[in-house]
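S.K.: sequence isn't available, so here's the structure alone:
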């Protein structure tokens with residue numbers, strides 16, 4: 001069992017129990033995990049083909065010519081209507097994330113004079129205001145899990161708490177999945193908590209690679225290992241094994 005497959009299974013778990021929402025994973029591993037969830041335990045979510053339609057069948061990633069069983073067309077305007085209604089769960093990347101879930105994909109080194117320009121704010125502020133959001137971080141280090149993000153692209157619980165109702169009524173940081181473990185914010189002060197640890201990873205490894213004090217529960221669970229049936233579905237979704245380029249085995 002390779003680490004990336006465990007990450008895919010835990011990304012899929014982020015969408016468990018959801019129905020009649022737009023599952024909108026962004027990036028290689030999130031798309032594979034989202035499609036795995038729809039193909040198994042979350043058949044009622046609607047899934048984008050990453051371009052313009054909502055498809056019901058299991059699609060191989062990156063194959064724009066694959067036959068699609070189309071539920072609906074999803075032009076740009078339709079996506080915004082869904083976003084503003086709160087009926088979307090997006091999984092995005094995070095170049096930096098802090099203990100309250102503030103996320104940065106814009107720039108390293110500060111907004112006024114960055115050392116490196118990244119993607120920009122993109123849709124992150126609107127995502128966090130309007131609907132549930134999860135994050136995928138394939139390389140868990142002190143450079144990605146930081147004490148303070150250089151630029152706030154997606155606001156965390158501390159900032160949204162200051163805004164208050166009704167502006168933060170849809171704000172919902174659900175999960176953070178990294179190559180080391182799974183994290184949530186189910187703590188009284190909404191600080192990041194270690195939810196499960198991937199097999200083969202030690203707690204000390206997570207602590208050493210996190211630049212803030214993470215909440216560690218007394219009863220720590222192991223992350224879920226995908227079944228043989230799920231592994232076969234993952235191979236259908238990712239026949240060229242793109243997922244292995246994101247997560248290296250220890």
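M.R.: Sure, I can see it. Small disclaimer: the values here were computed from a predicted structure and weren't measured.
S.K.: need the distance between the two termini of stretch 233-245.
M.R.: 19 Å (C-alpha to C-alpha, to the nearest Å).
S.K.: next up, the contacts around residue 149.
M.R.: Residues in contact with residue 149 (C-beta atoms under 8 Å, 6 or more residues apart in numbering) are 96, 97, 98, 102, 103, 104. Bear in mind the C-beta positions are built from the backbone N, C-alpha and C, glycine included.
S.K.: closest one to residue 51 out of these, please.
M.R.: Nearest to residue 51 among the contacts of residue 149, counting by C-beta to C-beta, is residue 103 at 24.7 Å.
S.K.: mind checking pLDDT for the residue nearest to the closest one when sequence neighbours are not counted?
M.R.: The shortest distance from residue 103 to any non-neighbouring residue, by C-beta to C-beta, 6 or more residues apart in numbering, is to residue 154 (3.9 Å). The per-residue pLDDT reported for residue 154 equals 93.
S.K.: same question for the one 10 residues further on.
M.R.: In the prediction, the pLDDT value recorded for residue 164 is 73.
S.K.: which residues does the residue lying closest to residue 138 once chain neighbours are set aside contact?
M.R.: Of all residues not flanking residue 138 in the chain, residue 246 sits nearest, at 4.4 Å (C-beta to C-beta, 6+ apart). Contacts for residue 246 (C-beta under 8 Å, 6+ apart) come out as 4, 28, 29, 138.
S.K.: ditto for residue 103
M.R.: Counting by C-beta under 8 Å, 6+ apart, the residues that residue 103 touches are 92, 94, 96, 97, 124, 128, 135, 149, 152, 153, 154, 156.
S.K.: need the residues you listed in CSV with secondary structure, can you?
M.R.: Putting these into CSV (DSSP: H, G, I helix; E, B strand; the rest coil) gives the following:
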residue, secondary structure
92, strand
94, coil
96, strand
97, strand
124, helix
128, helix
135, strand
149, coil
152, coil
153, coil
154, strand
156, coil
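S.K.: nearest to residue 182, out of those: which one, please.
M.R.: Residue 182 has its nearest neighbour among the contacts of residue 103 in residue 135, at 10.8 Å by C-beta to C-beta.
S.K.: how close does that closest one get to residue 183?
M.R.: 9 Å (C-beta to C-beta, to the nearest Å).
S.K.: more neighbours, the two?
M.R.: Applying other C-beta atoms under 10 Å to residue 135 and residue 183 shows that residue 183 carries more neighbours, namely 28 against 23.
S.K.: is it true that residue 136 touches residue 93?
M.R.: Yes. Proximity of residue 136 to residue 93 meets the contact threshold set by C-beta atoms under 8 Å, at 5.7 Å.
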